[in-house]
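Peer 1: okay, structure incoming, though there's no sequence with it:
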Ligand SMILES: [Zn+2]
């Protein structure tokens, strides 16, 4: 007790300490943290076996390595900046000002924070954020990159690969990569032709070349790999499927080819654990939308809930066949879906993410399926629901407020993830949606999944998966999802597609602002028709795979009017509902 009081005094004495240039003052950081909900996840792990517990320790250790790697992917100065911030924190006797900056770092997963007015700013002295993050040369613009790809189409596959970074062919870069190949012979062996390609390149600043993540991040990946193999050793007798997956994934990190890990992941029998591990999601690449970021989720499986849910998900082919488009595909009858409690998240996976479906690769998906990981202890967290409910209540009329429930959110999210399974997966020309639709691909895919979830709701009622209350809660959460507290930036696919849905629903009379109060009423009778119309348009755009058409569609529906959207946002913000969620994990001593 005395110690706590003494350190409290010390904090107070240092509260006004001036920080060096470039570091945000406490006055700058505090308003963001005041509107941050702090959540600590501490799932019950008593049912895990000793072997599983030992495996968790190794997976957490691997996650920590990946977390630093992720920060490096986002910003080239992250490691040095983090070290400097930690030292500053110590040298100011752990002042509140530097403590805040460490919280901002954790919240933002790096030195750049999203401010209250939805801009991106550095809060420690580092270079400003770039659209290409640290995936591309620092001075490469979209114009130069697109021009280069036009001139050198034969290099496009390599330069756009989701697990290659792009460098300029300077003498220093080429010789550093060749030296690193010498240091990592396994990487060399698993990338046939890469060394020869490097050796044949003339140094030329205007020339670009692709470097596999396996080589660019070889030292970090080696550490992570050893922990994965150690985790596999712990569980090899109890859950051989899980051990095999971990070994495959460790090898994938060397090859950059995730097929073996993906294949052994999706439908393996893993006992009490699961882990999503690797570089999959491309949201962070704001230059071209193709480079994947590293993330790790260490998860404890709720076996009973998972089995119950899996058997409740039936009739998927009928839903697929009913979707408003013509080129229906055959859907797997069994979709691996699990209910999990998060033990710890790292890198790209960290944050308020409620559910995941992986892998993304269209060919792996076709051959092996995908696994849906429902992150139960964040989806159903009471404090997070309270914050959502506050926002919803501020925007909608009293008629509809009670319709929102956390179960509705769970179901809407579950069927969003299943929505990724359904609908268009290749364009009419057989191209991947990602390469055809570029920076609109994520936006359209997420919008499709949101809409499939809502589209399926009446069918779920008909097959008695839902009762009337659950159907309405599913629907109410679909409206909640579209409410925005700030005008989205162009590079925010989720927020933009939500705003587009909002505008479509408004124009089509699914949501109707009250003439006096401006509060929104939901016309549930219009719901299915309106959702069907929008879903039809999105499926058509994905099937055609025409970038210009997609752009026109986005421009048509993505608008923000101060009178309407701005006022609604002000109303929501006036409730002081929290805007950020800082998630910590009991499994990490941070
Ligand atoms: Zn999604």
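Peer 2: Looks like it arrived, so ask away. Everything numeric in this text was worked out from a predicted model, so none of it was measured.

Peer 1: over to residue 274. Which of the three states is it?
Peer 2: The local conformation at residue 274, judged by DSSP: H, G, I helix; E, B strand; the rest coil, is strand.

Peer 1: my read: it touches residue 372, true?
Peer 2: No: with contact defined as C-beta atoms under 8 Å, residue 274 does not count as touching residue 372 (11.1 Å). C-beta: built from backbone N, CA, C; applies to glycine.

Peer 1: and for the two, which residues touch both?
Peer 2: Taking C-beta atoms under 8 Å, 6 or more residues apart in numbering as the contact definition, residue 274 and residue 372 share the neighbouring residues residue 338.

Peer 1: in the longest helix seen in the chain, what counts as buried?
Peer 2: As far as residue count goes, and with DSSP state H defining each element, the longest helix of the chain is helix 50-74. Neighbour-count burial for helix 50-74 flags 51-52, 54-56, 58-74 (criterion: 16 or more other C-beta atoms under 10 Å).

Peer 1: packing partners for that helix?
Peer 2: Packing contacts for helix 50-74, counted by 3 or more C-beta pairs under 8 Å, 6 or more residues apart in numbering; DSSP states H and E, involve helix 78-91, helix 218-235, strand 273-281, strand 293-301, strand 337-347.

Peer 1: what segments of this protein are strands?
Peer 2: 36-41, 112-114, 120-122, 164-169, 204-212, 273-281, 293-301, 337-347, 355-358, 371-375, 511-513, 520-522, 580-585 (DSSP state E).

Peer 1: tell me the most buried of those strands?
Peer 2: Scoring the strands of the chain by mean neighbour count under mean count of other C-beta atoms under 10 Å gives strand 293-301 as the most buried, with a mean of 26.

Peer 1: what about this structure, any weak spots by pLDDT?
Peer 2: By pLDDT under 70, the weakly predicted segments of the chain are 1-17, 590.

Peer 1: so which of the helices and strands packed on helix 50-74 comes closest to residue 247?
Peer 2: Nearest of these to residue 247, taken as C-beta to C-beta: helix 218-235 at 4.9 Å.

Peer 1: quick one, that closest one and strand 293-301 angle?
Peer 2: With axes from the mean of the first three to the mean of the last three C-alpha atoms, to 10 degrees as the basis, helix 218-235 and strand 293-301 are set at 10 degrees to each other.

Peer 1: and helix 218-235, what does it pack onto?
Peer 2: Based on contacts counted as 3+ C-beta pairs under 8 Å, 6+ apart, the elements that helix 218-235 packs against are helix 50-74, helix 240-255.

Peer 1: any residues of the protein in contact with the ion? List them.
Peer 2: If contacts are counted using C-beta under 5 Å from the ion, the residues of the chain sitting beside the ion are 446, 449.

Peer 1: excluding its backbone neighbours, what's nearest residue 509?
Peer 2: On the basis of C-beta to C-beta, 6 or more residues apart in numbering, the spatially nearest residue to residue 509 that is not a chain neighbour turns out to be residue 526, at 5.6 Å.

Peer 1: would you confirm that the one you found contacts residue 512?
Peer 2: No: shown here, residue 526 and residue 512 do not form a contact pair, counting by C-beta under 8 Å, at 9.1 Å.

Peer 1: what's the end-to-end length of stretch 107-115?
Peer 2: Using C-alpha to C-alpha, to the nearest Å, the end-to-end distance of stretch 107-115 comes to 12 Å.

Peer 1: neighbouring contacts of that stretch?
Peer 2: Residues lying outside stretch 107-115 but in contact with it, judged by C-beta under 8 Å, 6+ apart, are 32, 36, 67, 70-71, 74-75, 77-78, 81-82, 104-105, 120-124, 126, 129, 347-348, 350-351, 580, 582.

Peer 1: stretch 389-407 now?
Peer 2: 379-380, 382, 385, 388, 469-470, 472-473, 475-477, 479-480, 483, 485, 514, 517, 519-522, 568, 571-572, 574-577.

Peer 1: how about the stretch 251-400 of the chain: which residue is closest to the ion?
Peer 2: Of the stretch 251-400 of the chain, the residue with the smallest distance to the ion, taken as C-beta to the ion, is residue 357 at 6.7 Å.

Peer 1: ugh, wrong one, the stretch 101-250 of the chain
Peer 2: Of the stretch 101-250 of the chain, the residue with the smallest distance to the ion, taken as C-beta to the ion, is residue 162 at 16.9 Å.

Peer 1: that residue against residue 282, yeah?
Peer 2: Yes: between residue 162 and residue 282 there is a contact under C-beta under 8 Å: 6.2 Å.

Peer 1: which neighbours do these two share?
Peer 2: 290, 291, 292.

Peer 1: these two touch, right, the first one and residue 162?
Peer 2: Meaning residue 290. Yes: applying C-beta under 8 Å as the test, residue 290 and residue 162 come out as touching, 5.6 Å apart.

Peer 1: need the residues touching each of these two.
Peer 2: Going by C-beta under 8 Å, 6+ apart, residues that sit against residue 290 and also against residue 162 are residue 282.

Peer 1: mark which of the contacts of stretch 389-407 are buried, thanks.
Peer 2: By neighbour count, with 16+ other C-beta under 10 Å, the contacts of stretch 389-407 hold 379-380, 385, 388, 470, 472-473, 475-477, 479-480, 483, 485, 519-522, 568, 571-572, 577 as buried.

Peer 1: next step: the residues you listed restricted to helices.
Peer 2: Reading helices off the buried ones among the contacts of stretch 389-407 with DSSP H, I get 379, 385, 388, 470, 472-473, 475-477, 479-480, 568, 571-572.

Peer 1: spatially nearest residue to residue 565 (excluding sequence neighbours)?
Peer 2: Going by C-beta to C-beta, 6+ apart, residue 565 has residue 484 as its nearest residue, at 6.5 Å.

Peer 1: and that neighbour, how close does it get to the ion?
Peer 2: For residue 484, the distance to the ion under the criterion C-beta to the ion, to the nearest Å works out to 18 Å.

Peer 1: wait, that residue sits on residue 495?
Peer 2: Yes: contact between residue 484 and residue 495 holds when scored by C-beta under 8 Å: they sit 6.2 Å apart.

Peer 1: now the closest residue in space to residue 534 that isn't next to it in sequence: how far from residue 445?
Peer 2: Beyond its immediate neighbours in the sequence, the residue positioned closest to residue 534 (C-beta to C-beta, 6+ apart) is residue 504, lying 5.1 Å away. Between residue 504 and residue 445 the distance is 17 Å, computed by C-beta to C-beta, to the nearest Å.

Peer 1: could you do residue 417 as well?
Peer 2: Relative to residue 445, residue 417 is positioned 12 Å away (criterion: C-beta to C-beta).
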